[in-house]
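> A predicted structure for the sequence below; I have some questions about it.
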Amino acid sequence: MERILITGALGQLGQEFIKFFNKNNTYVLATDIRSPLKVLSCDFEIADAMDEKRIDYLIKKNNINVVYHLVAVLSANGEKNPFMAWEINMKSFQNIINLSINNGIKKIFWPSSIAVFGTKSNLSFVKQDCILNPNTIYGISKLAGERLIDYYNNKFDLDIRSLRYPGIISFDTKPGGGTTDYIIEMIQSLKNEKEYTCFLNKNTKLPMLYIDDAINGTIKYMSINKINLRVKDAYNITGFSITPFELEKKLNELGCSAKVIYNSDFRQDIADTWPKEIDDSTARKDWGWKFDYGIDKTLKVVFK
Ligand code: SER
């Protein structure tokens, strides 16, 4: 039986993973550095993933045998304080790996991101294997993590797995400090008939994925026999690509008439180094990855 520790559990992904595991009666210990605003359907402890001793104590106390390590400072926040972002992203990662080795935990999930790509990656359609030259501290930390996954898996016989998530769209839980966040902000503003100022230019195409696809896909990937996984660090996956202007038009078609003002800021520079489209054929072939929610189905969730 899996007994799962989720770190950074109150973020955009964590709460959705908790819902999923709860439905499947899997034991989850959720941890974060702040208290939840509403009651969670699993055990919860305040714990900082930077605090090795505290996490060690919780792993032992709760007989944890799988970790979903979701702590991360995202792209836009990372640029505001790169030293802090590197420290949090890498030190917490190293702590989890070290603790896993010491406690006999083999299976770990750690999300990577489209931020690992860069200006040399052929951004119009990024392949699974291409040049990776991330231009943000977030992307650099994700690429470092990808290399460490491969290294630690070999060196310590671990089973750390990772997916390069595009922008994740969710409405119950919000992301914080990312570059793809605009999509959720625009949908919610226009739905509430509020004008929205978009921090990206209207023609900035970025890949996106609806939360249910992200969660179901991750669970499927984690359940696959390791032998079938040819990619030893992180798989490309995607749902659909869209620009802010295309989204605005879709929202207009759904009857939203509030204005969108385009006023790009530093996040435009980040988006300009990220892929427009993702080639996820390797994930499709190796473990049957597919998405279910295109943009229209995603919007249907909100405008039902
Ligand atoms: N959604 C993330 C961000 O915008 C990308 O992984 O930072």
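Great, that's in hand. What you are looking at is a predicted structure, and each value in this text was computed from that prediction instead of being measured. Residues are numbered from 1 along each chain as shown.
> where do the strands of the stretch 101-250 of the chain begin and end?
107-109, 112-113, 159-165, 167-169, 196-198, 206-210, 234-236, 240-242 (DSSP state E, counting those that start in this stretch).
> please name whichever of those strands is nearest to the ligand.
Nearest of the strands of the stretch 101-250 of the chain to the ligand, taken as CB to the nearest ligand atom: strand 112-113 at 3.2 Å. The way it works is simple: take the backbone N, C-alpha and C, and place the C-beta from them, glycine included.
> how about whatever residue of the stretch 51-200 of the chain ends up closest to the ligand: what's its closest non-neighbour residue?
Closest contact between the stretch 51-200 of the chain and the ligand, by CB to the nearest ligand atom, is at G178 (2.7 Å). Nearest residue to G178, sequence neighbours excluded (CB to CB, 6 or more residues apart in numbering): L74, at 4.1 Å.
> what about I295, how many neighbours?
Applying other CB atoms under 10 Å, we find 18 residues neighbouring I295.
> what does the chain put close to the ligand?
74-75, 113-115, 138, 165, 167, 175, 178-180 (CB under 6 Å from any ligand atom).
> neighbours of L70, how many?
L70: 23 surrounding residues under other CB under 10 Å.
> ok, it to A214 distance?
Going from L70 to A214 by CB to CB, to the nearest Å gives 12 Å.
> between the two, what contacts are shared?
Common neighbours of L70 and A214, using CB atoms under 8 Å, 6 or more residues apart in numbering, are L13.
> pretty sure the residue nearest to G178 contacts G176?
Yes: between L74 and G176 there is a contact under CB atoms under 8 Å: 6.8 Å.
> among the two, which residue is more densely surrounded?
Each of L74 and G176 had its neighbours counted (other CB under 10 Å), and the higher figure belongs to L74 (22 against 12).
> one step back: burial of the residue of the stretch 51-200 of the chain closest to the ligand, as a residue count?
By other CB under 10 Å, 25 other residues sit near G178.
> you'd agree it is up against A76?
Yes: counting by CB under 8 Å, G178 touches A76, with 6.0 Å between them.
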